[in-house]
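Visitor: Below is the sequence, then the predicted model.
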Amino acid sequence: MLDQVLFALANGLATGMAVFLVAAGVTLIFGLLRILNFAQGSFFMLGAYVAFSIMGPSASSIWVFLLAALVSGVVVAVLGLVTDMVVFRRLRNYDEAYTLIATFALMMLLDGLIKLIWGLNYHSISPPPSLGGVLMFGPVIVPIFSLFIIGLGILVFIILEFAIHRLWIGKIVQALAHDQWMSGFVGINVPLMLTLTVVAAFFLAGAAGGLLLPNQSLSPTLSHAFLLQAFIAVIIGGLGNIRGAFMAALVLGLVESLNAVVLPDQPGVAMYVVMVAFMLWRPAGLLSAGTVDHATSQHAAASVPIDWARYRTMLTVAGIAGAIGVAAMPLWANPGTVFLAGVALIAALFALSWNLLFGTTGLATFGHAAFFAIGCYASGLMLKATGGQWFLVVLIAAALIGAVVAAIVGSVAIRRTTGIALAILTLALSEIMRLLISSSASLGRDDGVSGIPRPDLDLGFTTLSLQSTQNYFWFLFVVCGAMALGLWWLSAGPLGRVLRAVKQDAERTSFLGINIGRYRLVAFIISGSVATLAGALQAPWVQIVTPEAANYLVSMQPMLSTLLGGAAFFWGPVVGTVLFFILAEATRALAGLSEVVTGGVLLLLVMLAPDGVLGIIGRLRLRKRAASQGPKLEFVAKEARP
Amino acid sequence: MLEVKQLRALYGDSLVLHGIDLKIAPSERVAVIGRNGAGKSTLLKSIMGGGPAAHGVLQWNGADLHRLKGFERTRLGLSLVPEDRRIFPHLTVVENLEIARHATAKGKTPASPEAMIRFFPMLETLKARFGNQLSGGQQQLLAVARGLLPMPKLLLLDEPTEGLAPIIVEQMAKSINAICDEHRVALLLSEQNLWFARQCTHALHVLDTGRIVFSGTWDEFDAYPEVRNRHLAV
Ligand SMILES: Nc1ncnc2c1ncn2[C@@H]1O[C@H](COP(=O)(O)OP(=O)(O)OP(=O)(O)O)[C@@H](O)[C@H]1O
Ligand SMILES: [Mg+2]
């Protein structure tokens, strides 16, 4: 037993230090730029691939190994410079949610590029000769490479600590982290220093990718595990706090390896549980670094008022025509396209449910896939049990389950956190759910539930069979359409007005005697319930569900669609879903290409046109009108408040 | 040296300065006096590029300031002591002074922190304290010392006496005068404390809701008591 624990300890330390190497860069960038960089894990992975290309599956000597890591660091640092100039600088005054989504898009873009360049294969890499092998401490076996990683983590920590607390450049970095505005007025070249820090953080990510390469299996999924763990470490440790990230990474590594000993059937869960517990315990402790608010975040939405009423008739006609075209699809399109269109209908409803939270209420959740997955599993299992009967009851039950889960989760998460904290908390909760599902035998583990029957619809007076793709498609069309109209009615009505007021100025709204926590919770429950319903509709359509339904990439789908279409517009998510499906279909042939295209498009949108496609159309029309009227509209740059 | 013409400044859509004209020659010392919200801080921040969107002529020895970032303006010899002090909490008093070295103009040599502390003797015993361990008054002194350390050609000083005890105000006036005399530092002082402003400057502009309503020497100011009654009385 003791040797097992000691082995787990050594393992845990090595894991913890590996996580720290990624977390250090994340926390450094956040400390200075207030940007939580989703792409950090992908840059880390890029470093690993570059090193792999240089040294092959087994480095011939430790020097080749170190040189490969150094080159990776430099390559990634150069990309970091580009990223800073092209992306980060534009995000300085953006609202948190938009910066998160932008770096997420960057992550997709990079992951896709890596797939395009290096393919999807797994590679296993062994340590260089002098770092291979094991050491025996009595009965305990410790791989030398683990010791190398532990030493490396400690070394990097000491270097960073020394640089930040002892060297003059560290004082400058601290001054910048605390108060950029004043730093400029004591003569510090603020943009240059910020760029240098970003480059250093990226160098660290790239070099870490090369150094941690051995004993990993290298594949395009490498980034995800590291990213989430690094985020957890950074959040528990306090965003922007190197020392905190170090401690937290250690604790996480130990928790993770104890998890493997104590709960071998539920790998990886304990880490998330620790984080969720921590976040609920100290939701405000996150940003305790004590910084002066140097830039008022401004909503990136269009500042030019667009007179939508003028186009209402035109848009309504276009919308109805489009809807009729879609409804008639089984008559004119081939079955494959109809199937995809059905998936798109569900995705559109899912996206609308998410945007009720984001666009209307101003809450960005990153774990909406959890609801979707609950819906999939609930309806899949129930339909298998009933043999495809009682479908309406199944759907209503699923929506109710979703509402209950949302009420429970929301009464804790929504009431205690907002902004980044909420985003990460929901992300962690959905990850926990995915891990639990994939380790549960009764839910089919990673294989999920298959052979879900298409149901019959018992309307009392008659029974409609939904066995055929055509019939089920029409059913989907009616239900998704009805739900969408219902959401539209809600958001145009008094509830929507209050929610928008909460989004615009929560403080003022609460002075008006409105319980903003309760309204946010109501929005969360409605949204969660609709998302669950969307999942419940999907299970019999695709006839299989897997734990991937709860993957955080699925949570991103509604964000992509919403931003693509325009978050400020109720129908934006629907327009975005359609565009997204067309894009994905057109680029499906090459693994990675669709991610590159979607990630790239999304990134461009967030930076150049955060109000989405509908916003662009609106502005184009506005410009035409302004040009024909003569005098130009004068745009006044909104400056950051000191 | 500094030339400001028809300066307008906006926060978002609201116009705060409605066309300010102002000139400051080398080692000249002038005050800007005005009620709360008159726009004094906005004027100083506009000159430094520190917040409001500024339009109009803003020249430094003939060069256009608009195109320069805040830190670049400091390196031309401008220095701002903001009204909210903004001492770095995690740096010691000496480090807080030291860091302003980066704001030194070409051809100038900054003072050492020790030299600065000699001008502000009350900081002597506090050298090793961290910024967040200082009282409000101590922070205020430190902020002024920090602004002067790079030996700027023009110091923009925003209400340094706010909330200070009279005896410290007197001390501060002496220190500022000593440094400005010795190193030929020009001064643009935003103040509500007329006594202090009079100690430190030769002339003044009176600002009322974003417009200069009076410019002249202190003697001229005394000769027109209605300026005081109309634009400064609360
Ligand atoms: N960041 C800001 N955003 C919007 N309005 C502002 C901002 N800062 C100041 N104002 C407004 O601009 C006007 C001028 O403010 P300013 O701070 O320049 O006055 P002041 O003369 O320095 O006053 P005080 O003596 O109180 O410091 C005031 O009406 C104020 O409300
Ligand atoms: Mg002021």
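Guide: Ah, there it is. Numbering: from 1, shown residues only, chains lettered A, B, ... in the order given. Ligands and ions are numbered 1, 2, ... in the order given.
Visitor: Tell me where chain B has strands.
Guide: Secondary structure of chain B (DSSP state E): strands located at B:2-11, B:14-24, B:29-34, B:53-60, B:63-64, B:78-81, B:154-158, B:186-191, B:203-208, B:211-217.
Visitor: Please identify the most buried of those.
Guide: strand B:78-81 (a mean of 27; mean count of other Cβ atoms under 10 Å in any protein chain shown). Heads up, the C-betas are built off the backbone N, CA and C, glycines and all.
Visitor: average model confidence for that strand?
Guide: Averaged over strand B:78-81, pLDDT sits at 94.
Visitor: partners of it in the sheet?
Guide: Using DSSP bridges, strand B:78-81 pairs in its sheet with strand B:154-158 (parallel).
Visitor: ok, stretch B:71-80 near ligand 1 or not?
Guide: No. Judged by Cβ under 6 Å from any ligand atom, stretch B:71-80 stays clear of ligand 1, getting no closer than 12.9 Å.
Visitor: If I look at residue 119, what pLDDT would I see?
Guide: Reading this off chain A. We have a pLDDT of 89 for residue A:119.
Visitor: Let me rephrase: I mean chain B.
Guide: Reported pLDDT for residue B:119: 91.
Visitor: number of nearby residues for the nearest residue to it once chain neighbours are set aside?
Guide: Leaving aside its sequence neighbours, residue B:119 sits nearest to residue B:175 (Cβ to Cβ, 6 or more residues apart in numbering or on different chains; 4.8 Å). Using other Cβ atoms under 10 Å in any protein chain shown, residue B:175 has 20 neighbouring residues.
Visitor: ok and the residue in chain B nearest chain A?
Guide: Nearest to chain A, among the residues of chain B, is residue B:103, at 2.9 Å (Cβ to the nearest Cβ).
Visitor: check contacts around the residue most central in space within chain B.
Guide: Geometric centre of chain B, nearest residue: residue B:157, 1.4 Å, by Cα atoms, centre = their mean. Each residue near residue B:157 by Cβ atoms under 8 Å, 6 or more residues apart in numbering or on different chains is listed here: B:81, B:144, B:147, B:176, B:187, B:188, B:189, B:190.
Visitor: Quick one: the residues you listed as JSON lines, columns for distance to ligand 1 too.
Guide: Shown next, in JSON lines, are the contacts of residue B:157 (distance: Cβ to the nearest ligand atom, whole Å):
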{"residue": "B:81", "distance to ligand 1": "13"}
{"residue": "B:144", "distance to ligand 1": "16"}
{"residue": "B:147", "distance to ligand 1": "17"}
{"residue": "B:176", "distance to ligand 1": "19"}
{"residue": "B:187", "distance to ligand 1": "17"}
{"residue": "B:188", "distance to ligand 1": "13"}
{"residue": "B:189", "distance to ligand 1": "12"}
{"residue": "B:190", "distance to ligand 1": "6"}
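Visitor: Can I get those residues in CSV including distance to ligand 2?
Guide: Output for the contacts of residue B:157, formatted as CSV (distance: Cβ to the ion, whole Å):
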residue, distance to ligand 2
B:81, 12
B:144, 15
B:147, 15
B:176, 18
B:187, 16
B:188, 13
B:189, 12
B:190, 6
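Visitor: can you pull the buried residues of the helix or strand of chain B with the lowest mean pLDDT?
Guide: Least confident helix or strand, chain B: helix B:225-227 with a mean of 83, by mean pLDDT, DSSP states H and E. Within helix B:225-227, the residues that count as buried by 16 or more other Cβ atoms under 10 Å in any protein chain shown are residue B:227.
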